[in-house]
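Student: sequence first, predicted coordinates after that:
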Amino acid sequence: MYKIYLKQAIQMLKQNKFISIISILGTALAIMMIMTLIVADEVKILNMAPEINRDRTLYIDYQVKRDTVEGWWHSGYLTHDIAKDYLSKLKTPAYTSFMNVYGFDDEEVINVEGESDYRRYCTRKVDAAFWKIFSFDFLEGNAFSEEEFKSGIHNAVLSESMAKTLFKGEKVLGKTVQIAFRNYKVTGIVKDVSPVFKYAGGDMWIPYTSLKDGLHVGFVVLMAKDKEDFPRIIAEVREMERKFGIDHHHQILYLKGPENQKINIMEIRANNEQESIEAIKIKKRRAIFIFLILLIIPALNLSGFSLSRIKKRVAEIGVRKAFGAKKYVILIQVLYENMITSFIGGIIGLILSYVTVMWLRSWLLKIPEGSDIPLSAMLSPTVFAAVFFVCLLLNLLSAGFSAFRASRMTIVNSLTQNDR
Amino acid sequence: MAIIHLEGITKVYQTKDVETIALDKINLKVEAGEFLSIMGPSGCGKSTMLNIMGLLDLPNEGTVSIDGMETSRMKDGPMAEFRNKTLGFVFQSFHLINSLNVLDNVELPLLYRKSTEKSRREQAKEVLAKVGLSHRMKHFPSQLSGGQCQRVAIARAIVGNPKIILADEPTGNLDSKMGEEIMTLLHDFNCEGTTIVMVTHDEHIARETKRIVRFFDGRRVQ
Ligand SMILES: Nc1ncnc2c1ncn2[C@@H]1O[C@H](COP(=O)(O)OP(=O)(O)O)[C@@H](O)[C@H]1O
Ligand SMILES: [Mg+2]
């Protein structure tokens, strides 16, 4: 029986090429769109060089300090003293790195000695642990050691294309570059890092100890030995907040997070724990809502197709019933046929989403050229199964309505439908 | 005992402001093995009559007994099974399923009863041989002439060995030569014992049958 249904379904697809192609393509594009969006989101949390430890890294990029007696409060980037006096004392993380956003702007005026051409480039001000957490591809030389960092050495690491721009093909290592009107010695050249990498990306990297005194603020990146340690690290951070309260009478410190990669990319704003939980909830709700809309819109469109397909077959349904088909048998057949269309569309959609992600990865997903993404991680079968299941379900529901209506028509009405 | 027994059948079509009495207290008995023609002008209620007889439509009043079964209280499921077993239909516009090939079209009634794929194939091939279309098994309806389509439809009506075949103007869409072929087939099946009720408005065709019943304006006049 199902073999005949299958035969008929395929024959119908062949006989109504135009409408079949459109409805299969509709399913395929819907699946592709959803899959690509999921992948675009997934890519932001995958380990990818140079951010190869995203899955075991926590971030703190915001703090609130309140004085309960004097009534003032201050909020913003993490201050360097908190990082130094408290967070650097954390025991569980493998590495704790402070990244300085000195002057609230990563762009610095750069020029090469003796030249009058001044330009601004993204300069990251980092510490020695930074080079342990992130994996840079050094083409020449190296960065700086812990001792050199502490001494406030004026070393600079340049990206390959930065070096080319500044020195136009000359030997770069050992040359002097002027950053914010101070001289730095180039000690390392690394392969270019896309600005997509929120923490590792940039044109050059210098030790922040080389900067003038001033407002040193930024964020802390905590790399755990294992992500199992996350709860312990979070507990330790809370402990540090309490310690701050004891050290500074009637002052209260709140450190947002520590957030894992997934939460961190949501870029939520919160001035206390409660707000943070609330903000995460809202972001999640919004994501689910968008996801549902993305499913329902194509499903509604597809239901239009299934309705028009069923309308052409009212007489056939009448004939089948005349020769002994029960209502539920008709219902099953129509749903089964629709499922075949969905399946074909789903498979094409899966292939399309692979193709899209592979071909358009730099353009659409901003994945840097040449970076290695494991395909299995990008398009996880469970995610695909879930999307496909929901799409199928909605598809069946939409076809179900027209199938139900058709199966309930009286035989005489069905039979005469086509003649009228 | 009559194989078809209609008593006091009234069918009224109620549209917005017009009420059409398609059938007005019709009584009709058909004996087993008969070949009956129903005649009358267009719109006199012939199709309505046949549809009620075939359990495809319900009368407003009256009782329909088929093969000794009083059908008015049958539910959808048993009714479908009963139709499948007892009745075969031939329509004026063939009503073949365009997305199925000839063999699959003929198999259709067997799909709705317990049978194996193999036996379905065999039975369908057998009746296709009887209607002379063995060489067209893999064709689709669109690749056949009108007469061939109606022969397929007759094969489909007969494949399940029903006791009764109901044919609504089976020759209406065919030229006289093809019409004759169809009539020959129906006569063959009638000779094998199948009861046939046929609607026609072709006097010439009707005269070939054993008995003629005439309708006028929803009433039986002969
Ligand atoms: N579904 C319907 N709704 C309203 N009127 C109908 C319907 N079907 C048939 N009729 C009317 O009932 C009468 C009998 O129709 P029908 O049995 O098809 O006639 P015949 O087959 O003898 O030409 C006609 O007047 C026709 O207009
Ligand atoms: Mg008629």
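Tutor: Noted; the coordinates are in hand. Ligands and ions are numbered 1, 2, ... in the order given.
Student: alpha carbons only for contacts and neighbour counts from here, please
Tutor: Fine.
Student: quick one: list the elements packing against the longest helix along chain B.
Tutor: Looking across chain B with DSSP state H, the single longest helix is helix B:176-191. Contacts defined by 3 or more Cα pairs under 8 Å, 6 or more residues apart in numbering or on different chains; DSSP states H and E place helix B:176-191 against helix B:146-158.
Student: and the contacts of the helix it packs on?
Tutor: For helix B:146-158, the surrounding residues in contact (Cα atoms under 8 Å, 6 or more residues apart in numbering or on different chains) are B:87-91, B:94-96, B:102, B:105-109, B:124, B:127-128, B:130-131, B:133, B:141, B:165, B:170, B:173-174, B:178-179, B:181-182.
Student: hmm, back to that, quick one: mean pLDDT for the longest helix of chain B?
Tutor: In this model, helix B:176-191 has a mean pLDDT of 91.
Student: give the next helix or strand downstream of it.
Tutor: Once helix B:176-191 ends, the next helix or strand along the chain (criterion: DSSP states H and E) is strand B:195-199.
Student: and that following strand, average pLDDT?
Tutor: Strand B:195-199 comes out at a mean pLDDT of 95.
Student: what does it contact?
Tutor: Here strand B:195-199 makes contact (Cα under 8 Å, 6+ apart) with B:31-39, B:46-47, B:50, B:163-170, B:186, B:190.
Student: what sits closest to residue 61 if chain neighbours are left out?
Tutor: No chain in the question, so chain A it is. Distances taken as Cα to Cα, 6 or more residues apart in numbering or on different chains place A:F219 nearest to A:D61, at 4.4 Å, with adjacent residues excluded.
Student: was after chain B, sorry
Tutor: B:T10 (5.0 Å).
Student: hey, what's the angle from the longest helix of chain B to strand B:195-199? Just curious.
Tutor: Here helix B:176-191 points in a direction 150 degrees away from that of strand B:195-199 (axes from the mean of the first three to the mean of the last three Cα atoms, to 10 degrees).
Student: ok, B:L110 - contacts?
Tutor: B:R120, B:V159, B:G160.
Student: can you tell me which of those is nearest A:I233?
Tutor: Among the contacts of B:L110, B:R120 lies closest to A:I233 (Cα to Cα), at 70.9 Å.
Student: neighbours of that closest one, how many?
Tutor: 22 (other Cα atoms under 10 Å in any protein chain shown).
Student: isn't it right next to B:L108, touching?
Tutor: No. With contact defined as Cα atoms under 8 Å, B:R120 does not count as touching B:L108 (9.1 Å).
Student: for my notes, confirm the residue nearest to B:E61 occurs in a strand.
Tutor: Yes. Counting by DSSP: H, G, I helix; E, B strand; the rest coil, B:T10 is part of a strand.
Student: which among the contacts of strand B:195-199 end up buried?
Tutor: Among the contacts of strand B:195-199, those classed as buried by 16 or more other Cα atoms under 10 Å in any protein chain shown are B:32-39, B:46-47, B:50, B:163-170, B:186, B:190.
Student: mind checking which of the residues you listed land in strands?
Tutor: Of the buried ones among the contacts of strand B:195-199, the ones assigned to strands by DSSP state E are B:F35, B:L36, B:S37, B:I38, B:M39, B:I164, B:I165, B:L166, B:A167, B:D168.
Student: what ranges do the strands span in the stretch 101-250 of chain A?
Tutor: For the stretch 101-250 of chain A, applying DSSP state E, counting those that start in this stretch gives strands covering A:107-112, A:119-126, A:138-141, A:155-159, A:176-179, A:182-190, A:204-207, A:217-223.
Student: would a markdown table of the ones you listed with mean neighbour count be doable?
Tutor: What follows is these, written out as a markdown table (neighbours: other Cα atoms under 10 Å in any protein chain shown):
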| stretch | mean neighbour count |
| --- | --- |
| strand A:107-112 | 19 |
| strand A:119-126 | 19 |
| strand A:138-141 | 15 |
| strand A:155-159 | 27 |
| strand A:176-179 | 21 |
| strand A:182-190 | 21 |
| strand A:204-207 | 26 |
| strand A:217-223 | 25 |
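Student: hang on, the earlier thing: where does the residue nearest to A:D61 land on pLDDT?
Tutor: 91.
Student: who are the contact partners of it?
Tutor: By Cα under 8 Å, 6+ apart, the residues touching A:F219 are A:Y59, A:I60, A:D61, A:Y62, A:Y77, A:L78, A:T79, A:F98, A:M99, A:N100, A:V101.
Student: distance-wise, check it relative to A:L360.
Tutor: Distance, A:F219 to A:L360, by Cα to Cα, to the nearest Å: 32 Å.
Student: A:Y121 and A:I110 touch, don't they?
Tutor: Yes. Between A:Y121 and A:I110 there is a contact under Cα under 8 Å: 6.7 Å.
Student: residues contacting the spatially most central residue of chain B?
Tutor: Closest residue to the average C-alpha location of chain B: B:L166 at 2.1 Å, with Cα atoms, centre = their mean. For B:L166, the contact set (Cα under 8 Å, 6+ apart) comprises B:L50, B:G54, B:L87, B:G88, B:F89, B:V90, B:I196, B:V197, B:M198.
Student: count of residues packed around the fourth one?
Tutor: When neighbours are defined as other Cα under 10 Å, B:G88 has 28 of them.
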